[in-house]
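Undergrad: here are the coordinates; sequence isn't available:
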Ligand SMILES: [Zn+2]
């Protein structure tokens with residue numbers, strides 16, 4: 001078996017692992033690099049043949065750091081199928097079309113205001129490219145082994161996000177078996193059931209996003225209620241820059257529960273200003289049996305919530321002076337409608353900007369929660385005087401204890417374990433615990449490294 005780590009080997013983005021097994025060539029995930037410019041520039045590097053010359057692509061889940069490079073892959077000549085769970089296929093459509101739209105918008109804006117270093121800014125891919133990639137998606141049932149060419153492939157639900165799965169690839173009955181954890185969810189996630197465990201792996205690739213951290217034990221509902229009460233008491237609004245898929249629905253669930261409990265005022269306006277979050281909410285409802293939430297509650301997620309439809313309505317909301325709660329994307333404030341709200345709200349001390357998700361290093365969100373007093377938005381310096389916070393307890397990722405618990409469930413040590421999908425300190429911390437507590441053979445691969453195991 002040969003593995004080549006083409007992304008998410010020295011960071012949390014750009015998940016791409018090439019596997020050669022049983023004479024077949026498979027790409028596990030095809031994610032976008034995000035965050036630090038150093039990483040983002042990899043999206044534009046010449047594509048290694050190892051990436052495009054594969055027989056199949058297997059997708060763990062729809063998050064862009066796992067799926068967001070698929071349109072570029074197809075644009076560069078990939079003509080095979082892209083396999084994923086049915087719910088991941090449905091979410092990928094929403095996410096890739098939005099990603100392509102943002103790429104086009106960014107290029108257009110950079111050209112109009114001339115703040116691109118390049119002579120003419122080009123999108124990484126267009127909506128037409130995204131549609132070509134989506135046409136290659138093939139839904140795969142979860143929980144049982146499926147044949148793809150000469151390989152057996154099993155998708156095992158991993159919590160984390162609607163449709164998210166770990167992937168087991170085996171070379172026939174009793175043959176070598178590689179397990180890729182994908183992103184692992186939490187034991188007590190608001191929306192998703194805990195990740196299912198995988199019984200056997202000869203070679204294991206495990207994520208380490210929170211490999212060096214434990215999530216705070218705080219109740220995210222209580223913290224959010226306290227933030228909202230305090231902010232509206234001083235006449236401010238709460239902005240929740242949120243991932244449109246998963247996190248936005250968890251926030252809606254939390255806000256509805258707070259409202260019913262009387263922990264926040266019944267009449268406090270709640271806005272969802274993200275067409276993608278609206279589309280994703282519909283998909284969460286359609287796939288309600290995959291959630292741990294009672295169906296009746298899933299149905300009522302948007303009761304009494306205003307869906308902001310047009311960009312004009314969004315602009316009007318950004319100018320409004322009335323206290324409100326605004327959920328808007330993107331989750332790391334790297335683009336999308338949230339930027340207009342951020343621009344309007346950041347200079348005002350009465351407002352509160354609360355990030356409910358993971359912030360990749362180098363993103364605007366990461367700089368804000370680190371205490372930046374100024375951020376650049378659309379080429380303009382915006383002072384930050386609003387309160388800024390991070391609701392880490394709402395994370396959709398297993399923390400270090402939960403990662404260890406998932407690993408403990410394997411019946412025998414893998415021959416080799418690779419720690420991927422973590423910032424260097426997180427990946428190394430998990431590596432040490434696997435070595436010391438489990439006694440397994442484990443290491444952190446380097447970006448671009450190819451290994452025979
Ligand atoms: Zn993810």
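TA: Nice, thanks for sending it over. Just so we're clear, the structure is a prediction, and the values are computed from it rather than from any experiment.

Undergrad: CA only for contacts and neighbour counts going forward, please
TA: Will do.

Undergrad: where do the helices sit along the stretch 151-300 of the chain?
TA: Here the stretch 151-300 of the chain has its helices, by DSSP state H, counting those that start in this stretch, at 220-233, 247-261, 275-286, 295-299.

Undergrad: With respect to residue 107, which of these lies nearest?
TA: For these, proximity to residue 107 was assessed by Cα to Cα; helix 275-286 is nearest, at 20.0 Å.

Undergrad: Need the helices of the stretch 151-300 of the chain in TSV (columns: distance to residue 365).
TA: Converted to TSV, these look like this (distance: least, Cα to Cα, whole Å):
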stretch	distance to residue 365
helix 220-233	18
helix 247-261	15
helix 275-286	18
helix 295-299	29
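
Undergrad: Looking at those, which is nearest to residue 104?
TA: Of all the helices of the stretch 151-300 of the chain, helix 275-286 comes closest under Cα to Cα, at 16.0 Å.

Undergrad: for that closest one, the distance to its chain's centre please.
TA: Relative to its chain's centre, helix 275-286 lies at 15 Å (Cα atoms, centre = their mean, to the nearest Å).

Undergrad: Mind listing what's buried along that helix?
TA: 275, 276, 277, 278, 280, 281, 282, 283, 284, 285 (16 or more other Cα atoms under 10 Å).

Undergrad: same check, this time on stretch 131-151
TA: Quick answer for stretch 131-151 (16+ other Cα under 10 Å): 131, 132, 133, 134, 136, 137, 140, 142, 145, 151.

Undergrad: Now the two most distant members of the residues you listed.
TA: 131 and 145 (28.4 Å).

Undergrad: Show me which of the buried residues of helix 275-286 is closest to residue 408.
TA: Using Cα to Cα, these come closest to residue 408 at residue 284, 30.6 Å.

Undergrad: and the nearest residue to that closest one once chain neighbours are set aside, how many neighbours does it have?
TA: Among residues not flanking residue 284 along the chain, residue 162 sits closest, at 7.2 Å (Cα to Cα, 6 or more residues apart in numbering). Using other Cα atoms under 10 Å, residue 162 has 28 neighbouring residues.

Undergrad: and residue 162, what does it touch?
TA: Contacts for residue 162 were tallied using Cα atoms under 8 Å, 6 or more residues apart in numbering; they are 87, 88, 91, 192, 246, 284, 287, 290, 291.

Undergrad: So the second one, which state does it fall into?
TA: The one in question is residue 88. helix (DSSP: H, G, I helix; E, B strand; the rest coil).

Undergrad: what's the distance between the spatially closest residue to it that is not a sequence neighbour and residue 98?
TA: Of all residues not flanking residue 88 in the chain, residue 163 sits nearest, at 4.7 Å (Cα to Cα, 6+ apart). Look at residue 163 and residue 98: by Cα to Cα, to the nearest Å, they are 18 Å apart.

Undergrad: Check residue 293 too.
TA: 27 Å.

Undergrad: Also residue 438?
TA: Distance from residue 438 to residue 98, by Cα to Cα: 42 Å.

Undergrad: okay, those two: which has more neighbours?
TA: residue 98 (17 against 14).

Undergrad: which element follows the helix or strand hosting the more buried one toward the C-terminus?
TA: Here residue 98 sits within helix 86-113, counting by DSSP states H and E. Downstream of helix 86-113, the first helix or strand assigned by DSSP H and E is helix 127-134.

Undergrad: Show me what the very next helix or strand once past that following helix is packed against.
TA: Remark: after helix 127-134, the chain's next helix or strand is strand 137-139, criterion DSSP H and E. The helices and strands touching strand 137-139, judged by 3 or more Cα pairs under 8 Å, 6 or more residues apart in numbering; DSSP states H and E, are strand 81-84, helix 86-113.

Undergrad: go with 6 Å
TA: strand 81-84 (3 or more Cα pairs under 6 Å, 6 or more residues apart in numbering; DSSP states H and E).

Undergrad: re the thing from before, so can I have CSV of the buried residues of helix 275-286 showing distance to residue 300?
TA: Putting the buried residues of helix 275-286 into CSV (distance: Cα to Cα, whole Å) gives the following:
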residue, distance to residue 300
275, 18
276, 18
277, 15
278, 13
280, 15
281, 11
282, 11
283, 14
284, 12
285, 10
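
Undergrad: pLDDT and distance to residue 121 added to the contacts of residue 162, as TSV?
TA: Output for the contacts of residue 162, formatted as TSV (pLDDT from 0 to 100; distance: Cα to Cα, whole Å):
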residue	pLDDT	distance to residue 121
87	97	34
88	98	31
91	96	28
192	97	39
246	92	31
284	95	35
287	95	39
290	97	41
291	97	41
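
Undergrad: Which one, of the helices of the stretch 151-300 of the chain, ends up nearest to residue 45?
TA: So among the helices of the stretch 151-300 of the chain, helix 275-286 is nearest, using Cα to Cα, at 28.6 Å.

Undergrad: Contacts for that closest one, please.
TA: Under the contact criterion Cα atoms under 6 Å, 6 or more residues apart in numbering, helix 275-286 has outside partners 244, 245.

Undergrad: Phi, psi for the spatially most central residue of the chain please.
TA: With the centre of the chain defined as its mean C-alpha position, the nearest residue by Cα atoms, centre = their mean is residue 63, 3.9 Å away. Backbone torsions for residue 63, taken as degrees, to the nearest 10, come to phi -50, psi 140.

Undergrad: do you know how far it is from residue 29?
TA: Separation of residue 63 from residue 29 (Cα to Cα) stands at 10 Å.

Undergrad: That'll do, ta.
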